[in-house]
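S.K.: pasting a predicted model and its sequence here:
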Amino acid sequence: MRPLPELTPENAAFWTGGAEGKLMIAFCKDCDQAIHPPQIVCPRCWHENVETRAVAGTGRVYSYTINHQPWAPEMQVPFALAVVDVDGAPGVRVTAEVVGADPESVAIDQTMRVTFLNIDDVWFPQWEPAQ
(Lines give C-alpha, C1' and ligand atoms only; values in the text may rest on other atoms or scores of the structure.)
Protein backbone atom coordinates (compact mmCIF):
# COMPACT_ATOMS: atom_id res chain seq x y z
CA MET A 1 0.00 0.00 0.00
CA ARG A 2 1.37 3.38 -1.02
CA PRO A 3 0.43 6.54 0.81
CA LEU A 4 -1.16 8.96 -1.63
CA PRO A 5 0.02 12.56 -1.85
CA GLU A 6 -2.40 15.35 -1.06
CA LEU A 7 -3.30 17.00 -4.35
CA THR A 8 -2.95 20.78 -4.26
CA PRO A 9 -3.27 23.42 -6.98
CA GLU A 10 0.55 23.54 -7.12
CA ASN A 11 1.21 19.79 -7.45
CA ALA A 12 -1.94 18.36 -9.10
CA ALA A 13 -0.51 18.51 -12.64
CA PHE A 14 2.59 16.56 -11.57
CA TRP A 15 0.56 13.81 -9.84
CA THR A 16 -2.17 13.54 -12.49
CA GLY A 17 -0.26 14.14 -15.74
CA GLY A 18 0.37 10.42 -16.06
CA ALA A 19 -3.27 9.95 -17.00
CA GLU A 20 -2.23 11.41 -20.36
CA GLY A 21 1.22 9.80 -20.28
CA LYS A 22 2.89 13.15 -19.55
CA LEU A 23 5.51 14.09 -16.99
CA MET A 24 4.44 17.57 -15.93
CA ILE A 25 7.00 19.94 -14.43
CA ALA A 26 6.42 23.48 -13.13
CA PHE A 27 8.26 26.35 -14.85
CA CYS A 28 8.45 30.06 -14.17
CA LYS A 29 6.92 31.93 -17.10
CA ASP A 30 9.12 34.96 -16.37
CA CYS A 31 12.62 33.44 -16.12
CA ASP A 32 11.97 29.89 -17.46
CA GLN A 33 13.33 28.24 -14.29
CA ALA A 34 12.20 24.63 -13.88
CA ILE A 35 10.71 24.19 -10.40
CA HIS A 36 10.47 20.85 -8.62
CA PRO A 37 8.83 20.09 -6.34
CA PRO A 38 6.12 22.42 -7.67
CA GLN A 39 5.72 25.74 -5.85
CA ILE A 40 3.68 28.89 -6.33
CA VAL A 41 6.74 31.16 -6.23
CA CYS A 42 9.81 30.85 -8.45
CA PRO A 43 12.90 30.26 -6.28
CA ARG A 44 15.08 32.13 -8.82
CA CYS A 45 13.18 35.38 -9.50
CA TRP A 46 10.50 35.23 -6.79
CA HIS A 47 7.68 35.82 -9.28
CA GLU A 48 4.40 33.95 -8.96
CA ASN A 49 3.92 33.43 -12.70
CA VAL A 50 4.26 29.62 -12.63
CA GLU A 51 2.85 27.15 -15.14
CA THR A 52 3.22 23.41 -15.70
CA ARG A 53 4.53 21.96 -18.96
CA ALA A 54 4.96 18.47 -20.29
CA VAL A 55 8.63 17.50 -20.62
CA ALA A 56 10.14 14.71 -22.69
CA GLY A 57 9.77 12.11 -19.93
CA THR A 58 13.35 10.93 -20.33
CA GLY A 59 16.54 11.50 -18.42
CA ARG A 60 19.72 10.00 -17.02
CA VAL A 61 20.31 8.32 -13.67
CA TYR A 62 22.11 10.68 -11.32
CA SER A 63 22.02 8.25 -8.39
CA TYR A 64 20.16 5.14 -7.29
CA THR A 65 19.72 2.71 -4.45
CA ILE A 66 18.55 -0.87 -4.23
CA ASN A 67 16.19 -1.58 -1.38
CA HIS A 68 16.32 -5.05 0.20
CA GLN A 69 14.24 -4.24 3.30
CA PRO A 70 10.50 -5.04 3.17
CA TRP A 71 9.21 -1.96 5.01
CA ALA A 72 5.60 -3.13 4.69
CA PRO A 73 4.17 -6.67 4.80
CA GLU A 74 3.31 -6.86 1.07
CA MET A 75 6.36 -4.98 -0.21
CA GLN A 76 8.21 -6.87 -2.92
CA VAL A 77 11.99 -6.66 -2.60
CA PRO A 78 14.52 -6.01 -3.94
CA PHE A 79 13.65 -2.92 -5.96
CA ALA A 80 15.60 0.05 -7.22
CA LEU A 81 14.86 3.74 -6.72
CA ALA A 82 16.55 6.11 -9.16
CA VAL A 83 17.17 9.84 -8.98
CA VAL A 84 16.94 10.96 -12.61
CA ASP A 85 18.04 14.26 -14.16
CA VAL A 86 14.99 15.13 -16.25
CA ASP A 87 15.57 16.10 -19.89
CA GLY A 88 14.11 19.50 -20.74
CA ALA A 89 13.96 20.63 -17.10
CA PRO A 90 17.46 21.78 -16.09
CA GLY A 91 18.15 21.22 -12.40
CA VAL A 92 15.13 18.97 -11.88
CA ARG A 93 15.64 15.48 -10.50
CA VAL A 94 12.75 13.09 -9.99
CA THR A 95 13.15 10.15 -7.64
CA ALA A 96 11.03 7.12 -8.47
CA GLU A 97 10.95 3.35 -8.55
CA VAL A 98 12.65 1.59 -11.46
CA VAL A 99 10.43 -0.94 -13.24
CA GLY A 100 10.93 -3.31 -16.13
CA ALA A 101 14.52 -4.15 -15.21
CA ASP A 102 16.52 -6.19 -12.74
CA PRO A 103 17.39 -3.79 -9.89
CA GLU A 104 21.04 -4.84 -10.19
CA SER A 105 21.12 -3.61 -13.82
CA VAL A 106 20.53 0.06 -12.92
CA ALA A 107 23.61 2.22 -13.45
CA ILE A 108 24.74 5.82 -13.12
CA ASP A 109 24.18 7.79 -16.38
CA GLN A 110 21.76 5.14 -17.69
CA THR A 111 19.02 6.59 -19.90
CA MET A 112 15.51 6.20 -18.47
CA ARG A 113 12.01 7.02 -19.64
CA VAL A 114 8.99 7.66 -17.50
CA THR A 115 6.03 5.38 -17.10
CA PHE A 116 3.25 5.67 -14.54
CA LEU A 117 1.52 3.63 -11.83
CA ASN A 118 -2.10 4.67 -11.28
CA ILE A 119 -3.64 4.46 -7.82
CA ASP A 120 -6.99 6.23 -7.40
CA ASP A 121 -6.56 9.77 -8.81
CA VAL A 122 -2.75 9.74 -8.57
CA TRP A 123 -0.29 8.69 -11.28
CA PHE A 124 3.07 7.87 -9.69
CA PRO A 125 6.03 8.40 -12.02
CA GLN A 126 8.23 5.34 -12.42
CA TRP A 127 11.41 4.97 -14.43
CA GLU A 128 12.20 2.22 -16.90
CA PRO A 129 15.36 1.77 -18.97
CA ALA A 130 15.05 3.37 -22.39
CA GLN A 131 15.59 0.80 -25.13
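M.R.: Structure's in. What do you need?

S.K.: what pLDDT, on average, does stretch 22-32 get?
M.R.: Across stretch 22-32, the average pLDDT comes to 98.

S.K.: what residues does stretch 2-20 touch?
M.R.: Stretch 2-20 has contacts (CB atoms under 8 Å, 6 or more residues apart in numbering) with 23-26, 36-40, 50, 52, 54, 116-125. Any C-beta I mention is one placed from the backbone N, CA and C, and that applies to glycine too.

S.K.: measure the residue positioned nearest the centre of the chain to Gln69 for me?
M.R.: The chain has Val94 as the residue nearest its centroid, 3.8 Å off, counting by CA atoms, centre = their mean. Computed as CB to CB, to the nearest Å, the Val94 to Gln69 distance reads 22 Å.

S.K.: do Ala54 as well
M.R.: As for Ala54, its distance to Gln69 is 35 Å (criterion: CB to CB).

S.K.: have a look at the two and say which one is more surrounded.
M.R.: The neighbour comparison of Ala54 against Gln69 (other CB atoms under 10 Å) goes to Ala54, with 14 against 7.

S.K.: wait, doesn't the more buried one sit right on Phe27?
M.R.: No: counting by CB atoms under 8 Å, Ala54 does not reach Phe27; the two are 10.7 Å apart.

S.K.: from Leu117, how far off is the residue sitting furthest away from the middle of the chain?
M.R.: In the chain, counting by CA atoms, centre = their mean, Pro73 sits farthest out from the average C-alpha position, at 25.0 Å. Going from Pro73 to Leu117 by CB to CB gives 19 Å.

S.K.: right, I'll leave it there.
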